[in-house]
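Q: just to be clear, the model below is a prediction. Sequence and coordinates:
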Amino acid sequence: MGHGHGHGHDHTHGANKKALLISFIITTTYMVIEAVGGFLTNSLALLSDAGHMFSDSVSLGVGVLAFVMGEKVANYSKTYGYKRFEILAALFNGVTLVLIALYIFYEAYQRFTSPPEVASMGMLTIAIIGLAVNISVAWILMRQGDTKENLNLRSAFLHVLGDLLGSVGAIIAALLIMFFEWGWADPLASVIVAILVLISGWRVAQDAVHVLMEGTPKNVNIKDITNTIEAIPGILGIHDLHVWSITSGQNALSCHAVVTENLTIQECQELLRNVEDQLQNKDIGHVTVQMETREHLHDDSLLCKGEDHSHQHDH
């Protein structure tokens, strides 16, 4: 990572980590309270919300860990540092959410058939505190973190929003039980939470698998990239183009560029700089270009070969 765009990245990185850490501490503490409360009041809506919060605190904790691991400098066996860890974390989290959702469905089904007694006053109190906690965590993540670009932060944020709705559901259910003695409101609220959990879990897992399979990043348009590179003076065409994500928000590209004959080393460097600058605007940070002339198209002798390597180091 060059120094050019390193600073902005480091700043948001620090803020992201801090936002995640604070959120992790708050969420984990409250998850324990809500789980205990769910058992004592016998409320499935609270328990399911606590289950969702558990996955939340896992995702936040793993997010913090991913940032810490990601800071370990790239070593020789893991050349992208530990950035991929974030993606594995997101995958693990997505799968956990799906399992939690299935368990809640099963429990709710049991309760619809024979609704147990629920201590609605205690349930209401805990749900209201839960709502306040979730709002504050969501606010911290929004204010301090980068919820648009970073997959980890986005999944954490989606979880918290899901929790927020879970708390609202539990509040409504508690009120219905208090005023109308509708016992089924409790399992119903838990099913709504479970559906949210299932959807967000599925999405996060899907996104993570896409990155792990080296799929083309969603925010990158291959046709546009090809046109951009081929429009640069001196480049006749490109082939063997690959674009992939190292981790969310960090894209890499490699390609072979056919260039005009008799370029000096100086001109080669200029050309590479140009390619890099153009691609920087297109959200691509790591660029590797192999240059060749028409007659050497399928030959091993490459133009500016030494240049290409030294270029890699100064990026």
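A: Received, thanks.

Q: in whichever strand or helix holds residue 122, what counts as buried?
A: Per DSSP states H and E, residue 122 falls inside helix 120-144. Residues 120, 122-124, 126-127, 130-131, 133-134, 137-138, 140-141, 144 are the ones in helix 120-144 that count as buried (16 or more other Cβ atoms under 10 Å). (Glycine included, C-beta is placed from N, CA and C.)

Q: please compute how far the very next helix or strand once past it lies from its chain's middle.
A: Reading on from helix 120-144 to the C-terminus, the next helix or strand found by DSSP H and E is helix 151-180. Its chain's average C-alpha position is 21 Å from that of helix 151-180, according to Cα atoms, centre = their mean, to the nearest Å.

Q: what comes up buried for helix 151-180?
A: 151-177.

Q: residue ranges in the protein under the pLDDT threshold?
A: For the chain, the stretches flagged by pLDDT under 70 are 1-12, 70-83, 145-149, 151-152, 295-315.

Q: residue furthest from the geometric center of it?
A: residue 262 (45.4 Å; Cα atoms, centre = their mean).

Q: in three-state terms, label that one for me.
A: coil (DSSP: H, G, I helix; E, B strand; the rest coil).

Q: with residue 118 instead?
A: coil.

Q: was I right to think it contacts residue 42?
A: Yes. Counting by Cβ atoms under 8 Å, residue 42 is a contact partner of residue 118 at 5.3 Å.

Q: neighbour count: these two, which is higher?
A: residue 118 (25 against 16; other Cβ atoms under 10 Å).

Q: longest single helix anywhere in this protein?
A: Counting by DSSP state H, the longest helix found in the chain is helix 6-41.

Q: packing partners for it?
A: helix 44-71, helix 120-144, helix 151-180 (3 or more Cβ pairs under 8 Å, 6 or more residues apart in numbering; DSSP states H and E).

Q: out of those helices, nearest to residue 111?
A: helix 44-71 (5.7 Å; Cβ to Cβ).

Q: for the longest strand along the chain, buried residues please.
A: In the chain, taking DSSP state E as the definition, the longest strand is strand 235-247. Across strand 235-247, burial judged by 16+ other Cβ under 10 Å covers 235, 238, 243, 244, 245, 246, 247.

Q: cool, stretch 29-39 as well?
A: So stretch 29-39, judged by 16+ other Cβ under 10 Å, has buried residues 30, 31, 33, 34, 35, 37, 38.

Q: follow-up on the earlier one: nearest to residue 91 among the buried residues of strand 235-247?
A: For these, the nearest to residue 91 is residue 247 (12.2 Å; Cβ to Cβ).

Q: for residue 244, see how far away residue 210 is.
A: To residue 244, residue 210 is 10 Å away according to Cβ to Cβ, to the nearest Å.

Q: out of the buried residues of stretch 29-39, what pair is the most spread apart?
A: 30 and 38 (12.0 Å).

Q: so who does the nearest residue to residue 18 once chain neighbours are set aside touch?
A: Nearest residue to residue 18 in three dimensions, chain neighbours excluded: residue 144, at 6.3 Å (Cβ to Cβ, 6 or more residues apart in numbering). Residue 144 makes contacts with 15, 16, 18, 19, as judged by Cβ atoms under 8 Å, 6 or more residues apart in numbering.

Q: selecting buried members of these in PyMOL, what would you type?
A: The buried residues among the contacts of residue 144 can be selected in PyMOL (16+ other Cβ under 10 Å) with this line:
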select buried, resi 16+19
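
Q: now the contacts of residue 144 in TSV, with distance to residue 200?
A: Converted to TSV, the contacts of residue 144 look like this (distance: Cβ to Cβ, whole Å):
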residue	distance to residue 200
15	23
16	19
18	24
19	19
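
Q: and the contacts of residue 144, which two are furthest apart?
A: 16 and 18 (7.4 Å).

Q: now, among the buried residues of strand 235-247, which is nearest to residue 268?
A: Out of the buried residues of strand 235-247, the member with the shortest distance to residue 268 (by Cβ to Cβ) is residue 235, at 11.2 Å.

Q: so residue 235 is in contact with residue 258, correct?
A: Yes. At 7.2 Å, residue 235 counts as touching residue 258 under the criterion of Cβ under 8 Å.

Q: ok, back up a step: how big is the angle separating the longest helix of the chain from helix 120-144?
A: If you take axes from the mean of the first three to the mean of the last three Cα atoms, to 10 degrees, helix 6-41 sits at 180 degrees to helix 120-144.

Q: so who does residue 124 touch?
A: 171, 174, 175, 178.

Q: residue 220: which of these is nearest?
A: Residue 220 lies nearest to residue 171 out of these, by Cβ to Cβ, at 42.4 Å.
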